[in-house]
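Asker: Just to be clear, the model below is a prediction. Sequence and coordinates:
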Amino acid sequence: RCGGFVYAVGLLGITGERDSLAASAKVIAKRLKDVTDLPVLVGVGISTPEQAAEVCEVADGVVVGSAIVRRVLETGSPESVADFVGSFRDALDKG
């Protein structure tokens, strides 16, 4: 258990989905990990399970927003959203 976490903004600018992980995401996560014992979670621009796994080479976790909202709006299916979120979990477990 922890008493909180540090939310690391993976890039500056408009939030939302990205085609690739911003180079700054891993740099920011690493710098924060160097100065805190709290878990560091990266958000903003995490759109795919592969991006999540890549950033978690350094960070303790990710916050996914826009990609999940898009799935909810496109499908309206709880099962589809659960499968999508599960694909992130699978990628993180393999990473």
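Answerer: That came through fine.
Asker: just checking, residue 8 is part of a helix?
Answerer: No. Counting by DSSP: H, G, I helix; E, B strand; the rest coil, residue 8 is not part of a helix but strand.
Asker: Tell me the predicted confidence for it.
Answerer: With respect to pLDDT, residue 8 scores 90.
Asker: How about it: which residues does it bridge to?
Answerer: Beta-bridge pairing of residue 8 under DSSP bridges involves residue 42.
Asker: my guess is it meets residue 39, correct?
Answerer: No. In this structure, residue 8 is not within contact of residue 39 by C-beta atoms under 8 Å, at 10.3 Å. C-beta coordinates here come from the backbone N, C-alpha and C atoms, glycine included.
Asker: Show me which of those two is the more surrounded one.
Answerer: The residue with more neighbours, out of residue 8 and residue 39, is residue 8; 26 against 14, by other C-beta atoms under 10 Å.
Asker: who's in contact with the more buried one?
Answerer: By C-beta atoms under 8 Å, 6 or more residues apart in numbering, the contact list for residue 8 reads 25, 28, 29, 32, 40, 41, 42, 43, 59.
Asker: farthest pair in these?
Answerer: For the contacts of residue 8, the farthest-apart pair by C-beta to C-beta is 32 and 43; their separation is 12.5 Å.
Asker: tally of neighbours for residue 58?
Answerer: With other C-beta under 10 Å as criterion, residue 58 counts 18.
Asker: can you confirm it is in a helix?
Answerer: No. Assigned with three-state DSSP, residue 58 falls outside any helix and is coil.
Asker: Chain neighbours aside, what residue packs nearest to it?
Answerer: Spatially, and ignoring its direct neighbours in sequence, residue 58 is nearest to residue 29 (4.4 Å; C-beta to C-beta, 6 or more residues apart in numbering).
Asker: again, but for residue 95
Answerer: Using C-beta to C-beta, 6+ apart, the closest residue to residue 95 is residue 53 (3.7 Å).
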